[in-house]
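Participant: Sequence first, then the predicted structure, then my questions.
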Amino acid sequence: MITVTKKIEKYIKDNHNGRLDGAIGSSLGSSFVGQLVQRENVHIDHAIFGSPDLDQSGKVAAKLQSMLVVPLLTSFTKGQKKRNKTKEKLKSFFQMSEETAEKFMNCFSKFDPISIRNEYYTDLLTHLKDDISVEHTKAHFIYANKMGEKYLKRYKKYFHDPEIREFDMQHEQWLFGEKEYADPVLKAIDEFMDAPV
């Protein structure tokens, strides 16, 4: 996480004079946005977090979680029966269309399971400090309320006075291209970017 964060910081310094109007991340991407704000090596006016989990844990728990999660994320590559079952779960849980579920699975099938495990593991070990507050930076959160209130509490724990918009959806549901979820979130992101810092 920190190795990649340093590369992102270098890119921002080399190409954007060390400053961005905004940065958005979802899931693992949110962890990078959080690290960029926390480290203060570059400046971001609007740090936007797209329904993240921001999970953090110790080494043993991280190892166990990554061992359990990766097979769930990649099991559909092991045959048509598993693929069909996964597709039905995606359609039911995230209310994805048939086409979106296919695209999602095709995307994940391109990744090496070891890489997925390593990313998941290091994300759990790269902690954010509590009550992050950086002058002239505003943290904005898309809160998918079907994830549960513990995530809302995390957002308030890690960032000082974040702006939080609540949406009736699952984790990252807005990213899957269904207009009923994506359009309101994209509108909120536009409003975040227009807000004073």
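Facilitator: Looks like it arrived, so ask away.
Participant: tell me the contacts of the spatially closest residue to residue 43 that is not a sequence neighbour?
Facilitator: Among residues not flanking residue 43 along the chain, residue 19 sits closest, at 4.7 Å (C-beta to C-beta, 6 or more residues apart in numbering). No exception for glycine: its C-beta is placed from N, CA and C like everyone else's. Neighbouring residues of residue 19 by C-beta atoms under 8 Å, 6 or more residues apart in numbering: 12, 42-45.
Participant: Distance-wise, check residue 118 relative to residue 105.
Facilitator: As judged by C-beta to C-beta, to the nearest Å, residue 118 and residue 105 stand 21 Å apart.
Participant: Which one's more surrounded, these two?
Facilitator: Using other C-beta atoms under 10 Å as the criterion, residue 118 and residue 105 rank with residue 105 on top: 16 against 13.
Participant: ok, the residue nearest to the spatial centre of the chain - contacts?
Facilitator: Compute the mean C-alpha point of the chain, and by C-alpha atoms, centre = their mean the closest residue is residue 27, 1.8 Å away. Contact analysis of residue 27 by C-beta under 8 Å, 6+ apart lists 50, 52-53, 171-172.
Participant: ok, and the most crowded of these?
Facilitator: In the contacts of residue 27, the most neighbours by other C-beta under 10 Å go to residue 52, 26 neighbours.
Participant: In this structure it contacts residue 25, no?
Facilitator: Yes: the criterion here is C-beta atoms under 8 Å, and residue 52 meets it with residue 25 at 7.2 Å.
Participant: Between these two, which contacts overlap?
Facilitator: Common neighbours of residue 52 and residue 25, using C-beta under 8 Å, 6+ apart, are residue 31.
Participant: so residue 50 makes contact with residue 140?
Facilitator: No: Residue 50 is beyond contact range of residue 140, at 9.5 Å (criterion: C-beta under 8 Å).
Participant: Please, where are all the helices along the chain?
Facilitator: Counting by DSSP state H, the chain has helices at residues 2-16, 28-39, 59-74, 80-93, 98-108, 113-125, 149-158, 179-194.
Participant: Dump those helices into a markdown table; add distance to residue 167 and mean pLDDT as well.
Facilitator: Converted to a markdown table, the helices of the chain look like this (distance: least, C-beta to C-beta, whole Å; pLDDT from 0 to 100):
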| stretch | distance to residue 167 | mean pLDDT |
| --- | --- | --- |
| helix 2-16 | 27 | 97 |
| helix 28-39 | 15 | 95 |
| helix 59-74 | 24 | 84 |
| helix 80-93 | 16 | 86 |
| helix 98-108 | 18 | 83 |
| helix 113-125 | 23 | 85 |
| helix 149-158 | 12 | 96 |
| helix 179-194 | 6 | 95 |
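Participant: Thanks a lot, catch you later.
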